[in-house]
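**Student:** fold the following for me, if possible:
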Amino acid sequence: MDRIEIMTTPSLGDSSYLLVSGDEAALVDPQRDSWDLVGSCAARGIRVRYVLETHVHNDYVSGALEVRAATGATVAGPARAPYAFDHLGLAEDDEITVGDATVRAMETPGHTREHTSYLVYGNARDRGRQTPAAVFTGGSLLVGSAGRTDLSGEHLTEELARAQFRSLRRLALLPDTTRVLPTHGAGSSCSAGPAASGRTSTVGAERRTNPALAARDEEDFVDSRTTGLTPFPAYFHHMAPINRAGPGVLGGPPQLRPLTPAAVEGLLGGGAWIVDGRERGTFAAAHLPGSICDELDDRFASLIGEVVPFGTRLVLVLPEPAAEAAREAVVQLLRIGYENVAGHLAGGIGAWAAAGRPLRSFPTAEASELAGHVREHRVLDVRPDRPEGGIPGTLAIPLAELPRRLGELPREREVWTVCGSGRRATVAASLLDLAGIPVRAVVKGGVEDLRAAA
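**Tutor:** Numbering: from 1, shown residues only. Reported below is the predicted structural model:
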């Protein structure tokens, strides 16, 4: 009996899928850290025959070559994708079989030029195949949205938006009961507008409710889907070239090396960035000079990708238990191509202080302390989208733009950083602190609290 298993990556807002039929499987749009999944398939007696790619990914390093190295699977993807490694190119109506299931390619350009969706039919012997059970839609039709079309460059945005309009209309003609299985979802920067919280849907449900399918005509669609887009993380510029060339095969997550305070000090002097994954208030109270705060949660790597230059050598300061935190941090970083991690500070900040090395700190506040007093302070709003309802009198710079715009901030007066919850505000505060700008981070609450008191 055929089944489809879903693996979500909350840190990127993405999903991968395992199509299983009998003792064979196809893995769709895998993350780089698919080693546990590969092991699970082997333990269950499932042979991964294919790795299917819907497009050359812009938001993460593909795990296709990792899976191929571990299983011998064939990497299959869009025929128009300029991959530099051996693969099976699939054009419109090309098919592969997985057990008793048939997978048919459906070219759906828009999110990228080569983008291809895959229709799943439950029985390879049924040559009529009039009712696909599911469609892997990648970055075309999303749940409640559609993939953005500006990631390949401004010069292609309109062309791809028009292609996306036509692709979505084709997908909308599929039977109501066809399951919609997108790669990108809620929390993904690849979505043009907010995606719904559900990871999967059906064609019928999307036809009734998806704003991307409600445009009056092509011009209305192009206008609505290419305006008001939030900035995407700078690391996106590096993902497609890596995926086209084929990322290096790791075979598993590397072990993070413990570092002495002296070694960390030397790396810092050599241009490394120190990333501290501890809780925001703890960081603000005491941290290594030259470090930035990025709590080790689901957004850890994606926020590093917004503010730390790609390829930068990193040193980590980790919360306890350090071994578990090290694995989580390294895996998240590998997903977006940040491989140059020198190690982590052994013994944490306690070891640093015990070695007689200095610490820094900056003050914090809750939004309630700032509410009603915004005009008395210099307030920096670092939310990514700056929606309507921003607080008058505040300076708005999205966090992703802050490293290159620090020169716009005053140095003679304390800056209060604020966002929606305190998460980004603390990252921003650590960047200002690193630059020698007096700062106070609003670590609890955010703009909504300030607006309510305005």
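**Student:** how about low-confidence regions in the stretch 151-300 of the chain?
**Tutor:** Within the stretch 151-300 of the chain, no stretch has pLDDT under 70.
**Student:** which parts of it are strands?
**Tutor:** 179-182, 201-202, 258-259, 273-276, 291-293 (DSSP state E, counting those that start in this stretch).
**Student:** let me have the ones you listed in JSON lines, extended by mean neighbour count and distance to Thr282.
**Tutor:** Heads up, the C-betas are built off the backbone N, CA and C, glycines and all. Below are those laid out as JSON lines (neighbours: other CB atoms under 10 Å; distance: least, CB to CB, whole Å):
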{"stretch": "strand 179-182", "mean neighbour count": "25", "distance to Thr282": "37"}
{"stretch": "strand 201-202", "mean neighbour count": "20", "distance to Thr282": "41"}
{"stretch": "strand 258-259", "mean neighbour count": "17", "distance to Thr282": "20"}
{"stretch": "strand 273-276", "mean neighbour count": "24", "distance to Thr282": "9"}
{"stretch": "strand 291-293", "mean neighbour count": "25", "distance to Thr282": "9"}
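**Student:** adding distance to Val331, write those out as JSON lines.
**Tutor:** As requested, the strands of the stretch 151-300 of the chain are arranged in JSON lines below (distance: least, CB to CB, whole Å):
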{"stretch": "strand 179-182", "distance to Val331": "23"}
{"stretch": "strand 201-202", "distance to Val331": "28"}
{"stretch": "strand 258-259", "distance to Val331": "18"}
{"stretch": "strand 273-276", "distance to Val331": "15"}
{"stretch": "strand 291-293", "distance to Val331": "20"}
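**Student:** indicate which one of those strands is closest to Val315.
**Tutor:** strand 273-276 (4.9 Å; CB to CB).
**Student:** pull the CA coordinates from the closest one and hand them back as PDB.
**Tutor:** The C-alpha trace of strand 273-276 is given here as PDB (Å, rounded to 0.1, in the frame of the first residue of the first chain):
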ATOM      1  CA  TRP A 273      32.500  35.700  14.800                       C
ATOM      2  CA  ILE A 274      31.400  34.500  18.200                       C
ATOM      3  CA  VAL A 275      27.800  33.400  18.200                       C
ATOM      4  CA  ASP A 276      26.200  32.900  21.700                       C
END
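**Student:** now for that strand, which elements pack on it?
**Tutor:** Judged by 3 or more CB pairs under 8 Å, 6 or more residues apart in numbering; DSSP states H and E, strand 273-276 is in contact with strand 291-293, strand 314-317.
**Student:** make CSV from the ones you listed and add distance to Ile274 to it.
**Tutor:** Below are the helices and strands packed on strand 273-276 laid out as CSV (distance: least, CB to CB, whole Å):
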stretch, distance to Ile274
strand 291-293, 4
strand 314-317, 5
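**Student:** closest one to Glu265 among those strands?
**Tutor:** Of the helices and strands packed on strand 273-276, the one closest to Glu265 (CB to CB) turns out to be strand 314-317, at 9.9 Å.
**Student:** quick one on the thing from earlier: figure out which of the strands of the stretch 151-300 of the chain is closest to Thr227.
**Tutor:** The nearest among those, by CB to CB, is strand 179-182 at 22.2 Å.
**Student:** packing partners of that closest one?
**Tutor:** Using 3+ CB pairs under 8 Å, 6+ apart: strand 179-182 touches strand 3-9, strand 14-21, strand 134-138, strand 141-142, strand 201-202, helix 203-209.
**Student:** now do the buried residues in the first one.
**Tutor:** Residues of strand 3-9 classed as buried by neighbour count (16 or more other CB atoms under 10 Å): 4, 7, 9.
**Student:** so which of the helices and strands packed on strand 273-276 is nearest Arg378?
**Tutor:** strand 291-293 (20.2 Å).
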